[in-house]
Structures are given as C-alpha cells and as structure tokens.
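Engineer: how does the following fold in three dimensions:
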Amino acid sequence: MSRLRPLPSSFYRRPAEVVARDLLGRWLVHEVMGERLVLRLVETEAYLGAPDRASHAWGGRRTPRNESLYLPGGHAYVYFIYGMHFCLNAVTGTRDVGSAVLLRAGEPVEGEERMRAHRAWPRPPRPGDLAGGPGKLCQALGVGRELDGALLDRSPLWIARGTPAAPEEIVAGPRIGVDYAGEAAAWPLRFLVRGNRHVSKPWPKATSSSPA
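Structural biologist: Down below sits the predicted model:
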C-alpha cells in the first residue's frame, strides 16, 4: 500500500517549519506485537534549535537527554515530561542543528482497539480522546523512551506518505505551553488541519507573524 511507504530521510533534511507543515496528513505507524497502529497526523509544532528559546536546543544546550535532537533529520527524539508523559519528535535539518517537529495529535486510521487498550479507555472514544495531544499520541501508539534515536524510515516506527494536507487546509498559530520563551512564544509554528476534530485544544488563531 503506497500510503504506508516510509518517507525518505531526505524529507526531514529541511527547515523544521517546512517539515511541520508537510507532515500534516502523513501516517505515523508503530508495529506492536505484530499489529500495525496507524495515526493520521493532524497537528504539529516546529522547534528551530539554538535560536528558538522554546527549543530543547536553545543556545546550543546539549545534554544526554537531548542528544538525539542533534542527529541528522529523520531520527526520533523522544523525551519524558512532567514525570508522566512521553513526547515524540521528528528531528529535522542536518546533524548538530538541533531542530525538530513535535507530533502533537493524530486521527486513528488502524489499530484503534489496541490504542484504546494502551490508553485504558473503556468507552467509545470521542474525537481527540485517543491521540489529541502529544502525551496521548505516544501512549496510544505505545511509544516510549526506548525509541529515542530510532530512524523514522523503517520498522517498528515510521512516518508514511499518507495523503498530505492541502495548503488551504492548514492553520498556523502560536505553540502551546511555551509562555516562558519570550518573543518566541508568539511565533506561528503550530500547524493543524483546519476543522479536524482530533486536534488538541485550545484551537490556535491564524496569524501572519513569523519567527525572527
């Protein structure tokens, strides 16, 4: 099935904000115990590396926790936050740049029952219940720190071609939870599929401002 064919590493060797837009509509796939779990990506956030105060690589910061962030584009960067959630990022650009795209929300395509079990979700899910947020997304797919540094063009975790969202379907706004980042907090680097009910909340307002 062509839509399940992995995106090549060259897809990620571009600026984070370009990749973040282009990831909308793509399929995020994780093979778990012989079962394929698939989400259609509907929300992303770009983080620009050293110049971006909201990035884990701001100012060139480098630690054992974020070392995967400095790999060449096409690797996974998985981190643990608030002592309870994993977050999955696609590293972008070239080696040592430190830029990435946070995968914020997905729409279930395949393997919903397994996702519900991972989320311990007993009742029929409403849109956004399973993967409407970066922590929910990782829990639904069974993604943890063991996948940090994994290549995203092969099993068990990859991003497939899917059907990219059309430019007119994409809404941009400020990122969530980065109020500490000064002027970078207002940069319109959160992207989502307009009108999709599986995105996280709150909804962003479209904006025309751009990062410095």
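Engineer: closest to the centroid, which residue in the protein?
Structural biologist: Among the residues of the chain, the smallest C-alpha distance to the mean C-alpha position (Cα atoms, centre = their mean) belongs to Leu103, namely 1.1 Å.
Engineer: nearest residue to it in space, ignoring adjacent ones along the chain?
Structural biologist: Spatially, and ignoring its direct neighbours in sequence, Leu103 is nearest to Leu88 (5.0 Å; Cβ to Cβ, 6 or more residues apart in numbering). For every residue, glycine as well, the C-beta is placed using N, CA and C.
Engineer: which residues touch the one you found?
Structural biologist: Ala76, Tyr77, Val78, Leu102, Leu103, Pro134, Leu137, Cys138, Val143, Leu147 (Cβ atoms under 8 Å, 6 or more residues apart in numbering).
Engineer: ok, back up a step: the residue nearest to the centre of the chain touches Val42, doesn't it?
Structural biologist: No. The pair Leu103 and Val42 does not pass the contact test of Cβ atoms under 8 Å, sitting 9.9 Å apart.
Engineer: ends of stretch 25-37, what's the gap?
Structural biologist: Distance between the boundary residues of stretch 25-37 (Cα to Cα, to the nearest Å) amounts to 16 Å.
Engineer: I misspoke; the intended subject was stretch 46-56.
Structural biologist: With Cα to Cα as the measure, the ends of stretch 46-56 fall 12 Å from one another.
Engineer: closest to Gly49 among the contacts of Leu88?
Structural biologist: Distance from Gly49 was checked for each of the contacts of Leu88 by Cβ to Cβ. The minimum falls on Tyr77, at 11.7 Å.
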